[in-house]
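Chemist: sequence first, predicted model second:
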Amino acid sequence: MESDHPPLPTVLCSVLSMKRQSCEVTLDPGRSLLSWRELRPRRGRDRSRPGICLTRMLHRARGLVNSCTPQFPSGGVTVPVAEIVSVGEAEIDEKYYNSMKWQHMCKPHAFTVRYVQRKRKHRWRCKEVTFWCSDEQLFYQWLQALHDILEQQTHRPKRLLVYINPYGGKKRGKQIYENKVAPLFSAAGICTDVIVTEYANHARDNLYEVNVEKYDGVVCVGGDGMFSEVLHGLIGRVQKDSDVDHNNPNAQLSRCNIRIGIIPAGSTDCVCYATIGINDPETSALHIILGDCQPLDVCSVHHKRTFLKYSVSLLGYGFYGDVLKYSEKNRWLGPARYDVSGFKTFLTHHCYEGSVSFQPAKWVLGSPRDQIICTSRCYICRQSSKQLEEQQKTQACGSEHRDQDDDWTTIKGKFMAINAVSMSCACPRSPKGLSPAAHLGDGSADLILVRKCSRLDFLRHLIRHTSNKDQFDFPFVEVYRVKNFQFTPKHFEDEDTESTDIGSIGKKNFPQICTDHPSCGCNHVNSIWNCDGETVDQTAIEMRVHCQLIKLFARGIENAKLEDDVNPSKVL
Ligand SMILES: Nc1ncnc2c1ncn2[C@@H]1O[C@H](COP(=O)(O)OP(=O)(O)OP(=O)(O)O)[C@@H](O)[C@H]1O
Ligand SMILES: CCCCCCCCCCCCC/C=C/[C@@H](O)[C@H](CO)NC(C)=O
Ligand SMILES: [Ca+2]
């Protein structure tokens with residue numbers, strides 16, 4: 001009787017040689033694992049009967065122990081196929097070849113497997129191992145089997161468009177790409193078109209013209225500003241192609257399916273750090289090669305009915321706006337400009353008067369202070385986006401997004417900082433980020449309001465950004481998980497009398513705002529908005545989160561505990 005089940009894929013198991021040692025190498029397509037372990041000859045027996053072990057091994061190698069139950073080694077290395085970077089004919093070092101026993105081969109039958117090895121703190125390295133086969137037939141059998149199984153990794157990119165900012169960070173973008181990334185892409189058989197940008201917004205503008213369909217992904221080499229350019233280019237292009245008016249703050253934006261990879265070469269590189277866990281070009285390149293996919297929330301920022309910018313990390317007014325304002329004047333300082341400017345801004349100690357209105361993200365499972373960190377395959381992000389989609393389906397009415405009007409909260413006052421973050425914003429300066437429990441793809445942002453406080457209190461709050469302690473645990477700090485917010489600076493109604501949605505909210509809310517405390521320096525003084533490290537020209541803005549609008553070549557933060565326990569490529 002014929003079985004309905006497809007035949008089980010054949011396990012390939014051979015004795016191959018590795019670094020002059022015999023190894024049992026197993027490729028188990030069913031479990032998508034490649035493993036190997038050294039075969040140690042039993043000392044006493046082997047000394048008295050030289051050669052017996054090799055004979056047995058060669059016999060097994062020729063006969064191939066096919067269809068056997070895989071014997072996963074108790075000591076050895078196991079690599080998931082999903083973490084194999086490349087497989088190819090080995091480039092043989094002549095000295096090594098001459099010292100080998102099997103010199104009767106006219107050509108060395110060896111292949112090299114490159115794979116991901118996890119190091120500490122989310123760093124990945126590309127490790128390689130070369131296996132020697134006893135004959136040509138066996139060699140081709142292995143090469144074919146490995147190529148076939150890698151072909152099944154269809155989510156991996158084959159063709160990439162790469163933009164390099166030669167002036168980001170320490171101006172090492174080109175060097176970083178050429179030395180650390182290009183060799184890996186080439187080993188993995190990825191074709192690239194590389195554009196070294198010649199002016200600001202070159203990448204963004206180019207993305208409006210280029211045939212994006214040709215590529216499986218876009219890679220940016222640079223910092224958050226460079227990422228922002230690519231983000232604007234891609235989202236803008238997709239909206240244009242699908243006839244979505246991005247000036248409409250309520251427009252349902254079309255999702256962007258082409259993934260973006262980030263090779264960190266900037267000053268903060270917060271998007272890279274918060275989605276991969278480290279700013280390391282080689283690690284990022286490996287995530288791209290393996291074809292990782294991390295959906296990411298994007299916030300749109302509008303003034304009245306005019307689109308201003310998209311943000312994925314920090315949209316900050318007050319402290320972070322001022323830090324950016326001063327740091328832009330000192331770009332020549334490179335990454336240190338943020339420290340100099342941060343110190344100066346801290347000493348200035350400005351607060352700003354205004355009104356913040358927001359709607360809570362009611363569907364989300366988490367809350368900003370629950371200490372549940374967004375990790376790879378985050379449950380909260382999956383559930384929240386599912387719930388949001390269902391909610392949107394039931395309210396679906398054309399291409400406009402309709403928010404209920406009844407649940408707005410308005411907070412008026414004097415603020416040291418207003419920060420909206422749709423991800424943790426973790427970066428080397430603040431390893432847990434501005435909101436450690438914010439989620440990459442839950443469709444919400446954490447709105448952090450730091451009210452007017454003493455310089456010492458503000459310093460205490462800032463220092464918490466660098467520690468594990470709760471940075472929201474101060475009487476002058478509030479945090480809300482929101483789906484949108486609007487901000488109107490106090491002086492807005494004086495300078496702009498036109499009636500709009502946001503304008504009328506401002507007018508409605510301002511009569512009670514005081515103009516006392518002349519000493520605090522907040523009257524009639526505006527900050528600017530820092531939008532992912534770029535300045536925004538308007539101060540009265542509205543922001544809305546678009547759940548999982550884009551995808552990155554990343555996988556979120558792998559659970560450190562889990563990583564230690566089940567590191568797949570570690571020597572057991
Ligand atoms: N060829 C170029 N010449 C001048 N400016 C450029 C060029 N290419 C890109 N830019 C701009 O440079 C700005 C900063 O770049 P980038 O983000 O790479 O570095 P950074 O500002 O040092 O790092 P971070 O954004 O992480 O703080 C971006 O706003 C980008 O638009
Ligand atoms: C006196 C101690 C002060 C310590 C304060 C450390 C806080 C550092 C927090 C950095 C937050 C970074 C958020 C990310 C913002 C990026 O979008 C942007 C562009 O790269 N970077 C900055 C610095 O605005
Ligand atoms: Ca989010």
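Modeler: In hand now; what should we look at? Numbering: from 1, shown residues only. Ligands and ions are numbered 1, 2, ... in the order given.
Chemist: and the helix or strand harbouring A285, what does it pack onto?
Modeler: Assigned by DSSP states H and E, A285 belongs to helix 281-290. Applying 3 or more C-beta pairs under 8 Å, 6 or more residues apart in numbering; DSSP states H and E, one finds that helix 281-290 contacts strand 84-89, strand 124-132, helix 182-187, strand 259-264, helix 270-276. Any C-beta I mention is one placed from the backbone N, CA and C, and that applies to glycine too.
Chemist: near ligand 1 at all, it?
Modeler: No. If you take C-beta under 6 Å from any ligand atom as the test, helix 281-290 misses ligand 1, and the best it gets is 13.1 Å.
Chemist: got the angle for that helix vs strand 124-132?
Modeler: Inter-element angle recorded for helix 281-290 and strand 124-132: 60 degrees (by axes from the mean of the first three to the mean of the last three C-alpha atoms, to 10 degrees).
Chemist: quick one: helix 281-290 to strand 84-89, angle?
Modeler: Counting by the same axes, to 10 degrees, helix 281-290 lies at 80 degrees to strand 84-89.
Chemist: now the next helix or strand along the chain from helix 281-290: how far from the chain's centre is it?
Modeler: Next in sequence after helix 281-290, counting helices and strands by DSSP H and E, comes strand 294-303. Centre-to-centre, strand 294-303 and its host chain are 15 Å apart (C-alpha atoms, centre = their mean, to the nearest Å).
Chemist: domain ranges for the protein?
Modeler: Following automatic domain parsing, one finds the domains of the chain at 12-151, 156-292, 299-387+406-544.
Chemist: those domains into a markdown table, with extra columns for mean pLDDT, mean neighbour count and distance to F553?
Modeler: Shown next, in a markdown table, are those (pLDDT from 0 to 100; neighbours: other C-beta atoms under 10 Å; distance: least, C-beta to C-beta, whole Å):
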| stretch | mean pLDDT | mean neighbour count | distance to F553 |
| --- | --- | --- | --- |
| domain 12-151 | 77 | 16 | 13 |
| domain 156-292 | 97 | 20 | 4 |
| domain 299-387+406-544 | 87 | 19 | 13 |
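Chemist: format the ones you listed as CSV; extra columns: distance to I557.
Modeler: Shown next, in CSV, are the domains of the chain (distance: least, C-beta to C-beta, whole Å):
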stretch, distance to I557
domain 12-151, 7
domain 156-292, 5
domain 299-387+406-544, 5
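Chemist: quick one: which of these is nearest L552?
Modeler: Taking C-beta to C-beta, domain 156-292 is the member of those nearest to L552, at 5.4 Å.
Chemist: is the closest one anywhere near ligand 3?
Modeler: No. Using C-beta under 5 Å from the ion, we find that domain 156-292 stays clear of ligand 3, coming within 10.7 Å at best.
Chemist: straight-line length of that domain, end to end?
Modeler: End-to-end distance for domain 156-292, by C-alpha to C-alpha, to the nearest Å: 8 Å.
Chemist: and that domain, how far out from the chain's middle?
Modeler: The answer for domain 156-292 is 11 Å, by C-alpha atoms, centre = their mean.
Chemist: which strand residues bridge I262?
Modeler: Note on I262: beta-bridge partners by DSSP bridges are C220.
Chemist: can you give me the end-to-end distance of stretch 76-89?
Modeler: Taking C-alpha to C-alpha as the criterion, the two ends of stretch 76-89 lie 23 Å apart.
Chemist: list of residues touching that stretch?
Modeler: Identification of contacts with stretch 76-89 by C-beta atoms under 8 Å, 6 or more residues apart in numbering yields 29, 32-38, 72, 110-116, 126, 129, 143, 146-147, 149-150, 152-153, 184, 187-189, 286, 289-290, 568-572.
Chemist: try it again at 6 Å.
Modeler: With contacts defined as C-beta atoms under 6 Å, 6 or more residues apart in numbering, stretch 76-89 is touched by 32-37, 111-116, 126, 146, 149, 187-188, 289, 568-569, 571.
Chemist: next one: stretch 306-324
Modeler: The contact list for stretch 306-324, computed with C-beta under 6 Å, 6+ apart, reads 231, 235, 246-247, 270-271, 296, 298-301, 341-342, 345, 352, 415-421, 423, 425, 527-532, 536.
Chemist: can you pull the contacts of the residue of the chain found nearest ligand 2?
Modeler: At 2.5 Å from ligand 2, G533 is the closest residue in the chain, using C-beta to the nearest ligand atom. Listed by C-beta under 6 Å, 6+ apart, the contact set of G533 reads 224-225.
Chemist: for it, give its distance to Y326.
Modeler: For G533, the distance to Y326 equals 13 Å [C-beta to C-beta, to the nearest Å].
Chemist: now the residue in the stretch 201-350 of the chain that ligand 1 sits nearest to: closest residue in space, sequence neighbours ignored.
Modeler: Closest to ligand 1 within the stretch 201-350 of the chain is G223: 2.3 Å, counting by C-beta to the nearest ligand atom. In space, and not counting its chain neighbours, G223 is closest to G266: 1.4 Å by C-beta to C-beta, 6 or more residues apart in numbering.
Chemist: and the one you found, what helix or strand is that in?
Modeler: G266 is part of no helix or strand when elements are defined by DSSP H and E.
Chemist: what about it, distance to G533?
Modeler: As for G266, its distance to G533 is 8 Å (criterion: C-beta to C-beta).
Chemist: for the residue of the stretch 101-250 of the chain found nearest ligand 3, give me its contacts.
Modeler: Proximity of the stretch 101-250 of the chain to ligand 3 (C-beta to the ion) peaks at L231, 15.0 Å away. Taking C-beta under 6 Å, 6+ apart, we find L231 in contact with Y310.
Chemist: again, only this time at 8 Å
Modeler: L231 touches 260, 298, 310, 312, 550, counting by C-beta under 8 Å, 6+ apart.
Chemist: where does the nearest residue in space to the last one that is not next to it in sequence land in three-state SS?
Modeler: In space, not counting the residues next to it along the chain, I550 is nearest to C256; the distance is 4.7 Å by C-beta to C-beta, 6+ apart. Recorded secondary structure, C256: coil (DSSP: H, G, I helix; E, B strand; the rest coil).
Chemist: hmm, S385 and D442 touching each other?
Modeler: Yes. Using C-beta atoms under 8 Å, D442 makes contact with S385 at a distance of 6.7 Å.
Chemist: overlap in contacts of these two?
Modeler: Common neighbours of D442 and S385 (criterion: C-beta under 8 Å, 6+ apart): C547.
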